[in-house]
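# Can you look at this prediction? I've put the sequence above it.
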Amino acid sequence: MKQLDLTIVLAAGEGKRMKSSLPKVLHQIAGRSLVEHVIHATAPLQATELRVVVGAGSELVKVQIAQTFLEAAFILQAERNGTGHATQLALQDGPLIGTVLILAGDTPLLTAGTLQEFFDLHIDLDGDASVLTAEVPDPFGYGRIIRGNDGELERIVEERDANSLEREIDEINTGVYLFDIAALRSAVAGLEIGNSQGELYLTDVIGLMKAAGQAVNAIASKDYTETLGINDRSQLAECAAIMRDRINGAHMRDGVNIIDPTNTWIDLGVEIESDVTIHPGSVITGATKIATGAIIGPRSTLENVLVGVGTEVIESRVAGATLGAAVKVGPFSFIRPGTNLADGAKIGAYVEVKNATIGAGSKVPHLSYVGDATIGSGTNIGAATIFVNYDGVDKHETRIGNDVRIGSDTMLVAPVTVGDGAYTAAGSVITEDVPPGSIGVARAKQKNVLGWVLRKRAGSKSAESAKRAGAEDGSTKVQGEA
């Protein structure tokens, strides 16, 4: 069986129309950079060697690719003199015979299936070169496929160099090629600059090979959307939407209930079991895994989260956390990295949790901050409780035992421990450990200064209401003093 000897990915372009400091091929769709999408699509072909031509932002591009594709070799195109020049550089010191696949690093929708089919047809046709083509609704910006009267491929003309009749052709060059390496080496050596860009075009190789009597084939893609390239933010968004629909469609076919697929964004690396329900406005990214029966959203964001069976996350953001089974989060809560919520834990409205372990069945229902803490099982944290974990220099840990009741508006000043079965009184500032079974009370006795409003806010609406209620001046009398 014929094998692929070399893959060349052209990823040197700056992408000026992106108007970005980030190299074009590093812009992301569904959790992967554009160039990573391309390389992933080529991987099943198992080329003997992978070469990536880099240029603009070369160090950033190399670092990104090398994280996933350790076998990639990088070729620097210091001066961007066109795709033909990039190919010349990539062929240096490479194999002299065999088959090479060349494609652009900005076509993220290509699939392994299409590339495999393209490769198989190229081998069956036994030609010296094959070009993957596509018929598109709007060919503007793409090179056009020029066929002869016999329907065979004659040449490729770029948009800038095409005449008015050629621009009406809707069959375009996708930038995906297969070549016999020896034939390609000979052809690229004969490239000359003769276009409006002042560059060496790889597309000109087709005309040279035809003139030399070599067999060149145009193979049409079955799905033009796979071949869409990206030059600006509008095209990036268009391709992202197509990828979103692909991903959501696959999940729904696997039994995931996505209420509004057009308003749900899921990365490629996400794993979701059947019978999960995802409501509109949700974004699920990274290495998130969601177990069966979970309910996500509406308007929730999950990033690198493990979600247990039957857990609910409603209108909240969760990142870098583990949520056990039957956990409830939200609405309007923020679960930050390092958080571990055990089975049946509840995080209510307007709660922030960071680097904390919360035990089974414990609750933080309202308006609280829990940072750098360990909370046992069956504990309730009252509304507006703050875990005071930062002293201005270092973070400190708070430990709360099992079946503890923390009163509303408690300040737990770390490091501090509240033992099993203990209570804290509402409004307390707890600075010392509370032993098991005790109640910690840390607040001053209330004093009422009688007549204060009549003296200090005379003439106000409050004073008038107080008079009607029978309030008297009271001079300096303080109620509650001994």
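Arrived safely, thanks for sending. In this text, all values refer to a predicted model and were calculated from it rather than measured experimentally.
# Every contact and neighbour count from this point should use C-alpha atoms.
OK.
# any chance you could map the helices in the stretch 201-350 of the chain?
Secondary structure of the stretch 201-350 of the chain (DSSP state H, counting those that start in this stretch): helices located at 204-211, 233-253.
# Actually, the stretch 51-200 of the chain.
58-66, 83-91, 112-125, 164-167, 181-189.
# Can you pull out the low-pLDDT segments for this structure?
Along the chain, segments meeting pLDDT under 70 span 1, 195-196, 476, 482.
# Mind doing that once more with 80?
1-2, 194-198, 474-482 (pLDDT under 80).
# who does the lengthiest strand in it touch, helix- and strand-wise?
What stands out as the longest strand in the chain, according to DSSP state E, is strand 171-180. Judged by 3 or more Cα pairs under 8 Å, 6 or more residues apart in numbering; DSSP states H and E, strand 171-180 is in contact with strand 99-104, strand 129-135, strand 144-147.
# Relative to Ala212, which of those strands is closest?
Ala212 sits nearest to strand 129-135 of all those, at 12.4 Å, using Cα to Cα.
# for that closest one, packing partners?
helix 112-125, strand 171-180, strand 216-220.
# what about 10 Å?
strand 99-104, helix 112-125, strand 144-147, strand 153-157, strand 171-180, helix 181-189, helix 204-211, strand 216-220 (3 or more Cα pairs under 10 Å, 6 or more residues apart in numbering; DSSP states H and E).
# May I see these organised as a markdown table, with distance to Leu89 and mean neighbour count added?
Shown next, in a markdown table, are these (distance: least, Cα to Cα, whole Å; neighbours: other Cα atoms under 10 Å):
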| stretch | distance to Leu89 | mean neighbour count |
| --- | --- | --- |
| strand 99-104 | 13 | 24 |
| helix 112-125 | 23 | 17 |
| strand 144-147 | 25 | 20 |
| strand 153-157 | 22 | 21 |
| strand 171-180 | 16 | 23 |
| helix 181-189 | 10 | 19 |
| helix 204-211 | 15 | 20 |
| strand 216-220 | 23 | 20 |
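# before we move on, back to that, save the helices of the stretch 51-200 of the chain as JSON lines, and put in distance to Ile259 too.
Output for the helices of the stretch 51-200 of the chain, formatted as JSON lines (distance: least, Cα to Cα, whole Å):
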{"stretch": "helix 58-66", "distance to Ile259": "34"}
{"stretch": "helix 83-91", "distance to Ile259": "44"}
{"stretch": "helix 112-125", "distance to Ile259": "29"}
{"stretch": "helix 164-167", "distance to Ile259": "42"}
{"stretch": "helix 181-189", "distance to Ile259": "50"}
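# Among the ones you listed, which comes closest to Ala321?
From these, taking Cα to Cα, the stretch that ends up closest is helix 58-66, at 24.8 Å.
# Only C-alpha atoms, please: export that closest one in PDB.
What follows is helix 58-66, C-alpha atoms only, in PDB (Å, rounded to 0.1, in the frame of the first residue of the first chain):
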ATOM      1  CA  SER A  58       7.900  31.900  14.200                       C
ATOM      2  CA  GLU A  59       8.900  31.200  17.800                       C
ATOM      3  CA  LEU A  60       5.300  31.500  19.000                       C
ATOM      4  CA  VAL A  61       4.100  29.100  16.200                       C
ATOM      5  CA  LYS A  62       6.800  26.600  16.900                       C
ATOM      6  CA  VAL A  63       6.100  26.500  20.700                       C
ATOM      7  CA  GLN A  64       2.400  26.000  20.100                       C
ATOM      8  CA  ILE A  65       2.800  23.200  17.600                       C
ATOM      9  CA  ALA A  66       5.600  21.400  19.400                       C
END
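# for it, packing partners?
For helix 58-66, the packing partners by 3+ Cα pairs under 10 Å, 6+ apart are strand 32-33, helix 34-42, strand 49-54, strand 73-76.
# Nearest approach to Leu96 belongs to which of the ones you listed?
strand 49-54 (12.8 Å).
# and that closest one, what other elements does it pack with?
strand 6-11, helix 34-42, helix 58-66, strand 73-76, helix 83-91, strand 99-104.
# can you put the ones you listed in CSV and add distance to Arg17?
Shown next, in CSV, are these (distance: least, Cα to Cα, whole Å):
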stretch, distance to Arg17
strand 6-11, 15
helix 34-42, 15
helix 58-66, 18
strand 73-76, 22
helix 83-91, 18
strand 99-104, 16
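# what's the closest of these to Leu121?
Among those, the nearest to Leu121 by Cα to Cα is strand 99-104 (13.1 Å).
# who are the neighbours of that closest one, in terms of helices and strands?
Using 3+ Cα pairs under 10 Å, 6+ apart, strand 99-104 sits against strand 6-11, helix 34-42, strand 49-54, helix 83-91, helix 112-125, strand 129-135, strand 171-180, helix 181-189.
# Turn these into TSV, including distance to Glu226.
Shown next, in TSV, are the helices and strands packed on strand 99-104 (distance: least, Cα to Cα, whole Å):
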stretch	distance to Glu226
strand 6-11	16
helix 34-42	11
strand 49-54	21
helix 83-91	21
helix 112-125	8
strand 129-135	9
strand 171-180	9
helix 181-189	25
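# Which one, of these, ends up nearest to Asp343?
Checking the helices and strands packed on strand 99-104 against Asp343 by Cα to Cα gives helix 34-42 as the closest, at 36.8 Å.
# Can you tell me how far Leu50 is from Val61?
Per Cα to Cα, to the nearest Å, Leu50 is found 15 Å from Val61.
# Show me which of those two is the more surrounded one.
Per other Cα atoms under 10 Å, whichever of Leu50 and Val61 has more neighbours is Val61, with 25 against 22.
# For Ile347, which of the helices and strands packed on strand 171-180 is the nearest?
For the helices and strands packed on strand 171-180, the distance to Ile347 is smallest for strand 99-104, at 47.0 Å, taking Cα to Cα.
# Please name the strands paired to the closest one in the sheet, noting orientation.
strand 6-11 (parallel), strand 171-180 (antiparallel) (DSSP bridges).
# Turn those strands into JSON lines, columns for distance to Thr379.
What follows is the strands paired with strand 99-104, written out as JSON lines (distance: least, Cα to Cα, whole Å):
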{"stretch": "strand 6-11", "distance to Thr379": "55"}
{"stretch": "strand 171-180", "distance to Thr379": "61"}
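# any idea how far Glu79 lies from Gly427?
68 Å.
# neighbour count winner among those two?
More neighbours surround Gly427 than the other of Glu79 and Gly427, with 18 against 11 (other Cα under 10 Å).
# Now for the more buried one: which residues touch it?
The contact partners of Gly427, by Cα atoms under 10 Å, 6 or more residues apart in numbering, come to 384-385, 406-411, 441-444.
# now that we have those, which one has the most neighbours?
Neighbour counts for the contacts of Gly427 (other Cα under 10 Å) peak at Ile406, which has 27 neighbours.
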